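coords please:
(chains A, B, C and D)
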Number of protein chains: 2
Amino acid sequence: MLVDERRHRIAQLVLAHGAMTVAELSRRLGVSAVTIRSDLEALERQGILKRNRGGAVAPQVLRFAPAFQEKTSLHRREKERIADLAAQIVEDGEWIILDAGSTTLFLARRLRDRRLTVLVNSVYALNELVGAPNIELIAIGGSLYEPGLSFVGPLAESFLEGLHVDKAFLGVNGVDLRGISVNNAQEAGIKRRMIDAAEEVIVLADSSKIGVSSFVTIAPLKRVHVLITDSGAPGELLQEFREAGLEVLVA
Amino acid sequence: MLVDERRHRIAQLVLAHGAMTVAELSRRLGVSAVTIRSDLEALERQGILKRNRGGAVAPQVLRFAPAFQEKTSLHRREKERIADLAAQIVEDGEWIILDAGSTTLFLARRLRDRRLTVLVNSVYALNELVGAPNIELIAIGGSLYEPGLSFVGPLAESFLEGLHVDKAFLGVNGVDLRGISVNNAQEAGIKRRMIDAAEEVIVLADSSKIGVSSFVTIAPLKRVHVLITDSGAPGELLQEFREAGLEVLVA
DNA sequence: GTTTGGTTACGAAAGTTTACGTTAGTTTAC
DNA sequence: GTAAACTAACGTAAACTTTCGTAACCAAAC
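Below you'll find the model as predicted:
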């Protein structure tokens, strides 16, 4: 097995389970614990996971409190800047969809004092916006997908059927020339519906996700209108995105 | 279990319940009290919770924390007994709807360790059941109605369209011979849909609501199969309910 | 024959528990 | 209503266990 292939599988396992021990990874992949550790170190440097004594945890394994998510989030600074910029392109009175994910959660916080109708797709965002005085808050229902506490499945998808919003803010795991992608099939379906429902699709992705292709491709680049990322993203690639017709904003 | 994993769970437990003792956390997570204390210290440094003698509490009064509802609930004792009885008539493997309301929230807590598919209609119940190992949790989406943090409106109502569940547990404001009633029109619509979707309709109402007629009547008594109340309810009236075909359980 | 990718071996470091003296709340006695 | 007595929780330190990082070594590929 090639190094990159193994590391990809490690990343998948950790992200899918939320956490994995070195011993378990060693057993599953048939390599020594030392090798697993060096893989985890490499993956941690890339911001894909967080190491712990005994193993590694997924950065977005967070449960209940928005505050907790924010504090433990990887690339927090970048995500906050992206959210700042995203908040600026939201106009009062609009109908928007806020997808699940840490960056969109930062965005939610910045919208609390605005006058908007917001459809949210995660328990975190819901909790964050409850009680905001001028926000008409709508929860997208459906089966709860635990890793990100988001709503998925056929019930969630049919909820969005026939709905139209001005803007959809999507979080993804990868953006490259082929399109946007996520690391699980459950969330892929509902994200596709959000794209269908939105006049304008805005993808929020910090630089660790640029040029990366994750497990499931949601949509080709041409379905995306705006990409907001941070200055760590490779300039040449962003230029190629622009040539493909994408509006790219760098926070 | 990895350190971060455990700390996430501690944070979740403390924030979801409002407060937790060291002993209880130690028991639930299977580590010593010393370890819990060091975790609490770390979490306190991050501002996620506040330590105090015996355990830890959520930092500010989180409006959406289920514990807040429970602690401030009127007729708490009665409602807890009603919830105990209601939990007994739920059978493993069933599909049930949990309506919004304080009594149904008490019921939610009693169902955490069961194997069920639960449709919830409030943010409180959602937060309460997140992370329950054998519960397939489905949120009814829709516009958020702030007083009870419940989902209402046409989107919520059409969510339930075509769905069928074994039991629906409803909270109401009044039960008399004319039927069940609530104090606002918004929630009336979604409650009617819950009744339509359920094989068996179970109304949870403490004795202060028996013999009371509130603002909007949801349904006549004959649409209700079971009423669970407490011993403070007037016996003659309960007898009349029984004669009208209702099964009345007194907790 | 050097580079790449991996293993085994082992001392160092970190996390957890047990043990124990101290402290802070609560009850009881006056 | 205060003070003594009691109980439960706390912090610290030592001991134990597990995991980590480093280094020396091995094997296949180029």
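
next, count neighbours for A:A244.
If you count neighbours by other CB atoms under 10 Å in any protein chain shown, A:A244 ends up with 13. Placement of C-beta: from N, CA and C, glycine included.

ok, the closest residue to it other than its chain neighbours - contacts?
Excluding the flanking residues, the one nearest A:A244 by CB to CB, 6 or more residues apart in numbering or on different chains is A:L221, at 5.3 Å. Counting by CB atoms under 8 Å, 6 or more residues apart in numbering or on different chains, A:L221 makes contact with A:V175, A:L177, A:R178, A:G179, A:I180, A:F241, A:A244, A:G245, A:L246.

and A:E136, helix, strand or coil?
strand (DSSP: H, G, I helix; E, B strand; the rest coil).

host element of the residue lying closest to it once chain neighbours are set aside?
Closest residue to A:E136 apart from its sequence neighbours, by CB to CB, 6+ apart: A:T117 at 4.3 Å. Using DSSP states H and E, A:T117 sits within strand A:116-120.

so what touches that strand?
A:90, A:92-98, A:108, A:111, A:126, A:129, A:134-140, A:160, A:163, A:165.

quick one, which of these are buried?
With neighbours counted using 16 or more other CB atoms under 10 Å in any protein chain shown, these contain these buried positions: A:90, A:94-98, A:108, A:111, A:126, A:129, A:135, A:137-140, A:160, A:163, A:165.

can you classify the spatially closest residue to A:G153 that is not a sequence neighbour by secondary structure?
Among residues not flanking A:G153 along the chain, A:S143 sits closest, at 3.9 Å (CB to CB, 6+ apart). Assigned with three-state DSSP, A:S143 falls in the strand class.

for the contacts of A:L221, pick the one with the most neighbours.
A:I180 (29 neighbours).

hang on, that one in a strand?
Yes: using three-state DSSP, the assignment for A:I180 is a strand.

name the nearest residue to it, sequence neighbours excluded.
With sequence-adjacent residues excluded and distances taken as CB to CB, 6+ apart, A:I180 is closest to A:V172, at 4.5 Å.

can you pull the contacts of the one you found?
Contacts for A:V172 (CB under 8 Å, 6+ apart) come out as A:I180, A:S181, A:V182, A:K191, A:V203, A:A205, A:K209, A:S214, A:I218.

if we use 10 Å, what do you get?
Contacts for A:V172 (CB atoms under 10 Å, 6 or more residues apart in numbering or on different chains) come out as A:99, A:101, A:103, A:179-183, A:187-188, A:191, A:203-205, A:209, A:212, A:214, A:217-219, A:224, A:227.

could you measure from the residue nearest to A:E136 over to DNA strand D?
45 Å (CB to the nearest atom of the strand, to the nearest Å).

distance of the residue nearest the centre of chain A relative to A:I218?
Centre of chain A computed as the mean C-alpha position; nearest residue by CA atoms, centre = their mean is A:G171, 3.3 Å away. Going from A:G171 to A:I218 by CB to CB, to the nearest Å gives 11 Å.

and the closest residue to DNA strand D within the stretch 101-250 of chain A, how far is that from A:H17?
In the stretch 101-250 of chain A, no residue comes nearer to DNA strand D than A:S208, which is 20.8 Å away by CB to the nearest atom of the strand. For A:S208, the distance to A:H17 equals 20 Å [CB to CB].

if you count what's nearby, which of those two comes out ahead?
Neighbours around A:S208 and A:H17, counted as other CB under 10 Å, are more numerous at A:S208. The numbers are 19 against 14.

give the contact list for that one.
A:Q46, A:G47, A:I48, A:L74, A:H75, A:E78, A:N173, A:G174, A:T229, A:D230, A:G232, A:A233 are the contacts of A:S208 under CB under 10 Å, 6+ apart.

repeat for A:G211
By CB under 10 Å, 6+ apart, the contact list for A:G211 reads A:G174, A:V175, A:D176, A:L177, A:A233, A:P234, A:E236, A:L237, A:L238, A:E240, A:F241.

A:L170 now?
So A:L170 contacts A:97-101, A:103-104, A:121, A:180, A:182, A:191, A:194-195, A:198, A:201-205, A:218-219, A:224 (CB under 10 Å, 6+ apart).

pull the residues that contact the helix or strand A:E236 falls within.
Using DSSP H and E, A:E236 sits within helix A:235-243. Helix A:235-243 has contacts (CB under 10 Å, 6+ apart) with A:175-177, A:207, A:210-211, A:221, A:224, A:227, A:229, A:231, A:233-234, A:246-250.

swap in 7 Å and give it another go.
Helix A:235-243 is contacted from outside by A:L177, A:I210, A:G211, A:L221, A:L227, A:V248, using CB atoms under 7 Å, 6 or more residues apart in numbering or on different chains.

so which other helices or strands are in contact with the next helix or strand after it?
Sequence-wise, the next helix or strand downstream of helix A:235-243 (DSSP H and E) is strand A:247-250. If you count contacts as 3 or more CB pairs under 7 Å, 6 or more residues apart in numbering or on different chains; DSSP states H and E, strand A:247-250 packs onto strand A:226-229, helix A:235-243.

list the contacts of the residue in the stretch 101-250 of chain A positioned nearest to DNA strand C.
Residue nearest to DNA strand C within the stretch 101-250 of chain A: A:V212 (19.8 Å; CB to the nearest atom of the strand). When contacts are counted by CB under 7 Å, 6+ apart, A:V212 touches A:G174, A:D176.

in a helix, it, correct?
No: counting by three-state DSSP, A:V212 is not part of a helix but coil.

okay, it: pLDDT?
pLDDT recorded at A:V212 is 82.

what's the neighbour count on the residue of the stretch 51-200 of chain A at minimum distance from DNA strand D?
Proximity of the stretch 51-200 of chain A to DNA strand D (CB to the nearest atom of the strand) peaks at A:G54, 4.2 Å away. Close neighbours of A:G54, defined as other CB under 10 Å, add up to 15.

flag every residue of the stretch 151-251 of chain A that's near chain B.
By the rule CB under 7 Å from any CB of the partner chain, the part of the stretch 151-251 of chain A lying against chain B is A:F151, A:L155, A:F159.

understood, closing this out.
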